[in-house]
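Colleague: Sharing a sequence plus its predicted fold:
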Amino acid sequence: MRLFLVIIFFCNILPKNTSAQIKEEVYFDTIYENMAMFNNGSLDDFCLWVYKNIKYPETAIKDSISGKVFARFMVDSTGIVKNVEIIRSVRWDLDAEVKRVLGLSPKWVPASQRGKNMGISFTIPINYDIKDPNFEKMITKLTKKTNKSGK
């Protein structure tokens, strides 16, 4: 049986103090002249990387657990992902997998302002859905989208 994971990423701006108003989007807490970039690309590249690296925990499969985990992480001034935290939990095993994968992220190109590298925080939702039949189509679509951008 194939397991499916849906991750919804859309860019939008959300001030850090309003994180309780989370929608199904990726948020960053500050705007800089040059925003942090994953693999010199876009958040779509990051989304694809997450799709390819996250696993559905066996314990959650056994218990038929689905849900949306919201995580916040920082890309520091050197491009390293750090301070991964779960801000809305589903269950310990899904939360732990999100933290594991985000912690494994390759180095980013850091955000910068007036020539100085800056840290920036992102908030993302990761939706686990065992029964989603569109997972492979979504990866294919996302792969095509990132390939069109020349990455």
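Modeller: Nice, I can see it. Numbers count the residues shown, from 1 in each chain.
Colleague: Where does the prediction get shaky in the protein?
Modeller: Along the chain, segments meeting pLDDT under 70 span 1-29, 132-151.
Colleague: ok, how many other residues are close to the nearest residue to residue 104 once chain neighbours are set aside?
Modeller: Once flanking residues are discounted, residue 104 sits nearest to residue 53: 6.7 Å by Cβ to Cβ, 6 or more residues apart in numbering. (Glycine included, C-beta is placed from N, CA and C.) Other residues within reach of residue 53, judged by other Cβ atoms under 10 Å, total 13.
Colleague: Likewise for residue 58?
Modeller: 10.
Colleague: ok, back up a step: could you check how far the residue nearest to residue 104 is from residue 64?
Modeller: Separation of residue 53 from residue 64 (Cβ to Cβ, to the nearest Å): 23 Å.
Colleague: Residue 84 now?
Modeller: With Cβ to Cβ as the criterion, residue 84 and residue 64 are 26 Å apart.
Colleague: Look at these two and report which has more neighbours.
Modeller: Set residue 84 next to residue 64 and count neighbours by other Cβ under 10 Å: residue 84 wins out with 17 against 8.
Colleague: so where does that one fall, helix or strand?
Modeller: strand 81-88 (DSSP states H and E).
Colleague: Report all helices and strands that that strand contacts.
Modeller: strand 67-75, helix 92-103 (3 or more Cβ pairs under 8 Å, 6 or more residues apart in numbering; DSSP states H and E).
Colleague: Would you format the ones you listed as JSON lines with distance to residue 125 and mean neighbour count included?
Modeller: Below are the helices and strands packed on strand 81-88 laid out as JSON lines (distance: least, Cβ to Cβ, whole Å; neighbours: other Cβ atoms under 10 Å):
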{"stretch": "strand 67-75", "distance to residue 125": "5", "mean neighbour count": "20"}
{"stretch": "helix 92-103", "distance to residue 125": "10", "mean neighbour count": "18"}
